[in-house]
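Q: Need a 3D model of the sequence below.
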Amino acid sequence: MTRSRHLVAGLLLAAALLGGFSWWVLAAKPPAKTAVRSVQCYKAEAPVDCFLAAAKGRLAGVADPNERAEALVELLYALAGTQGQDEVLLKEALDLTFDAAVKPIRQMDLLYAIDLYGSAGESLPPQTFSAAVGRFVKLAGELKGADLVELHLGACAIVGWDEPFRERWLPFAQAVCTPERLEAMATDGVVQGALVLAMMPVAMTLHEEWEGFAAMAARGLAWLEQAEKLAAKSKEREEHEFVAFMGVLMHSLNALCLDAFERADDAGGEAEQALRALRRLEKRFGLSAKSVPLRRQVVEILFRVERAAEAKKLLREMLARVDADPKGRQLPAAEQVAVLALAARLEHDERAAREGGECRPEGTISI
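A: Model prediction:
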């Protein structure tokens with residue numbers, strides 16, 4: 001597989017839908033005000049450090065343990081990908097993996113991020129990998145329904161991690177994100193069924209089954225087409241939001257899969273469809289807490305298919321919204337952290353590509 005980018009942001013949004021709360025009204029205390037407007041970080045002497053500092057500043061406004069866990073996942077992933085270190089954040093993440101107030105799925109996300117952070121900086125022992133795998137196995141035997149779907153969603157999301165991290169976890173993803181396991185999960189309701197449908201092409205891709213991918217992608221897109229027709233006739237905004245979310249998720253994942261099969265033109269077409277799904281949502285609700293998680297996902301996939309100029313425009317608009325809302329009244333502080341962490345990662349990747357260098361963590365670990 002060729003280089004692919006991180007899509008955990010969009011998949012965490014799916015987790016929010018599964019978790020039964022409205023992801024656009026997360027509560028947060030006012031964060032500490034940053035001294036520099038984030039959009040000015042591009043002109044800073046060390047723009048990556050500037051974005052990371054701004055992200056850490058916004059973290060001060062995230063009070064809820066689950067939201068804080070999600071923000072720490074984004075920060076640790078960004079630190080891993082940019083060769084950064086922050087032992088204070090690492091300690092808090094480790095503590096939250098044992099905090100009863102944090103949902104098991106969020107703890108699993110933290111364990112993934114902790115391992116990647118440690119593997120990139122060699123600051124943690126190799127046992128972080130086995131600890132995460134052990135927690136997954138335990139949860140897979142305990143969770144049911146929506147939680148079990150979400151657990152596998154996180155594992156399938158490995159297909160979208162940055163290449164060195166994905167390669168480290170690829171054998172694990174191949175072992176647990178399989179068509180057989182996904183089909184065997186009992187699902188209840190449209191949301192769970194749709195998420196499993198979105199994961200099926202990924203499972204086929206992880207096992208390099210082109211015909212299986214093509215069939216599952218066509219099946220998913222047929223469902224999406226029908227869902228979009230039904231939503232167009234509905235006056236319920238929740239239906240419009242969910243269908244837009246599924247459009248971005250399905251098209252983004254399909255684009256990653258097509259890129260893995262080295263079908264660049266088709267991957268670009270799916271990225272365009274993801275952007276159109278986002279635009280339909282933003283036409284109704286504007287650039288807001290409803291659309292920013294999806295916009296982050298679209299930015300990543302546009303960078304992946306080499307539409308960097310368009311992706312940067314979308315990202316700069318989000319950064320402007322972050323700067324305009326220092327107290328997190330419109331855009332929750334946890335989401336602001338995610339936007340700033342994304343900016344740091346992408347800026348680092350662009351600079352590394354120009355300079356011809358890249359940081360790679362330890363090699364793949366088999367299980």
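
Q: Residues contacting the host helix or strand of residue 128, please?
A: Under the criterion of DSSP states H and E, residue 128 resides in helix 127-142. Residues from elsewhere that reach helix 127-142, judged by Cβ atoms under 8 Å, 6 or more residues apart in numbering: 104-105, 107-108, 111-112, 114-115, 118-119, 147-148, 151, 155, 168, 172, 176, 365, 367. For the C-beta atoms, the positions are set from N, CA and C on the backbone; glycine is no exception.

Q: now the helix or strand that that helix is followed by: how far from the chain's centre is it?
A: Next helix or strand after helix 127-142 toward the C-terminus (DSSP H and E): helix 145-156. Mean-position distance between helix 145-156 and its chain equals 14 Å (Cα atoms, centre = their mean, to the nearest Å).

Q: Against which helices or strands is the helix or strand just after helix 145-156 packed?
A: Downstream of helix 145-156, the first helix or strand assigned by DSSP H and E is helix 163-176. With contacts taken as 3 or more Cβ pairs under 8 Å, 6 or more residues apart in numbering; DSSP states H and E, helix 163-176 sits against helix 104-121, helix 127-142, helix 145-156, helix 190-206.

Q: Report the buried residues of the first one.
A: Of the residues in helix 104-121, those scored as buried under the neighbour-count criterion (16 or more other Cβ atoms under 10 Å) are 104-121.

Q: Check the shortest one too.
A: By 16+ other Cβ under 10 Å, the buried positions in helix 145-156 come out as 146, 147, 148, 149, 150, 151, 152, 153, 154, 155, 156.

Q: For the residues you listed, give me JSON lines that also has pLDDT.
A: Converted to JSON lines, the buried residues of helix 145-156 look like this (pLDDT from 0 to 100):
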{"residue": "146", "pLDDT": "92"}
{"residue": "147", "pLDDT": "94"}
{"residue": "148", "pLDDT": "95"}
{"residue": "149", "pLDDT": "95"}
{"residue": "150", "pLDDT": "94"}
{"residue": "151", "pLDDT": "96"}
{"residue": "152", "pLDDT": "96"}
{"residue": "153", "pLDDT": "93"}
{"residue": "154", "pLDDT": "93"}
{"residue": "155", "pLDDT": "96"}
{"residue": "156", "pLDDT": "95"}
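
Q: where do the helices sit along the stretch 201-350 of the chain?
A: 210-232, 237-260, 264-285, 292-304, 308-323, 333-355 (DSSP state H, counting those that start in this stretch).

Q: so which of these gets nearest residue 58?
A: For these, proximity to residue 58 was assessed by Cβ to Cβ; helix 333-355 is nearest, at 4.4 Å.

Q: Check the offset of the closest one from the chain's centre.
A: Taking mean C-alpha positions (Cα atoms, centre = their mean), helix 333-355 and its chain are 13 Å apart.

Q: what mean pLDDT does that helix have?
A: Averaging pLDDT along helix 333-355 yields 93.

Q: Low-confidence bits of the stretch 1-150 of the chain, can you list those?
A: 1-36, 123 (pLDDT under 70).

Q: quick revisit: rebuild the buried residues of helix 145-156 as CSV, extending it with distance to residue 42.
A: Listed next are the buried residues of helix 145-156 as CSV, based on distance: Cβ to Cβ, whole Å:
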residue, distance to residue 42
146, 40
147, 40
148, 42
149, 39
150, 35
151, 37
152, 38
153, 33
154, 32
155, 35
156, 33
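
Q: ok, the nearest residue to residue 47 once chain neighbours are set aside to residue 340 distance?
A: Leaving aside its sequence neighbours, residue 47 sits nearest to residue 41 (Cβ to Cβ, 6 or more residues apart in numbering; 4.8 Å). Look at residue 41 and residue 340: by Cβ to Cβ, to the nearest Å, they are 9 Å apart.

Q: do residue 144 as well
A: Look at residue 144 and residue 340: by Cβ to Cβ, they are 36 Å apart.

Q: what does residue 233 give?
A: Residue 233 is 39 Å from residue 340, where distance means Cβ to Cβ.

Q: if you count what's nearby, which of those two comes out ahead?
A: residue 340 (29 against 7; other Cβ atoms under 10 Å).

Q: any idea whether the residue nearest to residue 47 is helix, strand or coil?
A: helix (DSSP: H, G, I helix; E, B strand; the rest coil).

Q: you'd agree it is up against residue 54?
A: Yes. Between residue 41 and residue 54 there is a contact under Cβ atoms under 8 Å: 6.8 Å.

Q: the more surrounded of those two?
A: Higher neighbour count among residue 41 and residue 54: residue 54, with 27 against 23, using other Cβ under 10 Å.
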